[in-house]
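A.B. asks: Sequence and predicted structure, then a few things I'm wondering about:
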Amino acid sequence: MSHSDSKLREEICRYGRSLFERGLTPGSSGNISVRLDDGGWLVTPTNASLGFLDPARIARLDAAGRLVSGDRPTKEIPLHTALYESRSEARAIVHLHSTHAVAVSMLPEIDPRAVLPPLTPYYLMRTGGTALVPYFRPGDPAVADAIRGLAGRYSAVLLANHGPVVAGESLEGAVFATEELEETARLYLLLRNLNPRALSPAQVADLVAHFGLTLPDHRGDCG
Ligand SMILES: [Zn+2]
């Protein structure tokens with residue numbers, strides 16, 4: 001086990017515990033993966049609570065996805081591989097069953113290409129926007145095809161009636177983006193039917209120009 005490998009294992013456990021302790025994913029739900037320099041992955045084990053991970057038991061996969069050491073990886077690994085395939089710059093992926101994002105995924109008015117309006121600058125800066133993927137039975141390989149179908153335009157994807165899957169260029173980046181998505185979903189539910197002022201198209205354009213953001217090519221219907 002290399003030095004950086006063991007540091008990443010510690011990081012996965014630390015962020016997992018932090019997410020679990022704040023109620024962001026209950027029971028043994030949620031999983032985390034990190035892509036390594038040799039093309040392999042570290043992945044949280046199946047049926048493991050993110051709150052009680054053991055660094056030594058995290059699954060180590062080779063570049064072909066074969067288990068090299070540790071416990072069997074999460075059954076939800078197809079979600080991760082589909083997003084890595086379409087986002088070549090992604091180094092880490094976080095998947096949670098977080099309450100507010102799951103709640104929003106079931107609302108009738110949700111635009112599948114922009115699940116949440118641009119309520120805050122940090123939502124746009126950290127996630128770039130979120131796409132909705134329709135409901136699939138857990139383990140159905142079709143969900144991976146649906147993620148691939150987004151062609152890498154989104155680093156944040158919300159699975160209907162299930163939860164978010166978010167890629168980042170680092171584990172910290174993926175965790176922060178997932179938290180921002182969950183908090184924005186919470187704001188949306190607090191503000192629903194109160195006619196809130198989201199950021200205007202000009203304010204969004206200013207953020208895009210100032211921070212060099214790449215947003216999915218969705219033009220929000222402002223009418
Ligand atoms: Zn899940």
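C.D. replies: Nice, thanks for sending it over.
A.B. asks: Below-threshold pLDDT in the chain: ranges please.
C.D. replies: 1, 3, 217-223 (pLDDT under 70).
A.B. asks: As a check, name the ranges of all helices in it.
C.D. replies: 3-21, 77-86, 99-105, 121-127, 142-148, 171-191, 201-211 (DSSP state H).
A.B. asks: mind giving me a markdown table with these and columns for mean neighbour count?
C.D. replies: For glycine as for every other residue, the C-beta is placed from the backbone atoms N, C-alpha and C. Shown next, in a markdown table, are those (neighbours: other CB atoms under 10 Å):
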| stretch | mean neighbour count |
| --- | --- |
| helix 3-21 | 17 |
| helix 77-86 | 21 |
| helix 99-105 | 21 |
| helix 121-127 | 20 |
| helix 142-148 | 18 |
| helix 171-191 | 20 |
| helix 201-211 | 13 |
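A.B. asks: Go ahead and flag the most central residue of the chain.
C.D. replies: Geometric centre of the chain, nearest residue: Val166, 1.6 Å, by CA atoms, centre = their mean.
A.B. asks: Let me see the contact set for it.
C.D. replies: By CB atoms under 8 Å, 6 or more residues apart in numbering, the residues touching Val166 are Ile93, Val94, His95, Thr127, Ser155, Ala156, Val157, Ala174, Ala177, Thr178, Leu181.
A.B. asks: repeat that for 7 Å
C.D. replies: Ile93, Val94, Thr127, Ser155, Ala156, Ala174, Ala177, Thr178, Leu181 (CB atoms under 7 Å, 6 or more residues apart in numbering).
A.B. asks: So the second one sits against Phe176, correct?
C.D. replies: No: shown here, Val94 and Phe176 do not form a contact pair, counting by CB atoms under 7 Å, at 9.5 Å.
A.B. asks: on that earlier part again, run through the bridge partners of the residue nearest to the centre of the chain.
C.D. replies: Beta-bridge pairing of Val166 under DSSP bridges involves Val94, Ala156.
A.B. asks: distance of it from Gly129?
C.D. replies: 12 Å (CB to CB, to the nearest Å).
A.B. asks: same thing with Pro138?
C.D. replies: Applying CB to CB to Pro138 and Gly129 gives a distance of 25 Å.
A.B. asks: Columns distance to Ala64 on top of the helices of the chain, output as TSV?
C.D. replies: TSV is the format used below for the helices of the chain (distance: least, CB to CB, whole Å):
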stretch	distance to Ala64
helix 3-21	18
helix 77-86	11
helix 99-105	32
helix 121-127	30
helix 142-148	16
helix 171-191	22
helix 201-211	37
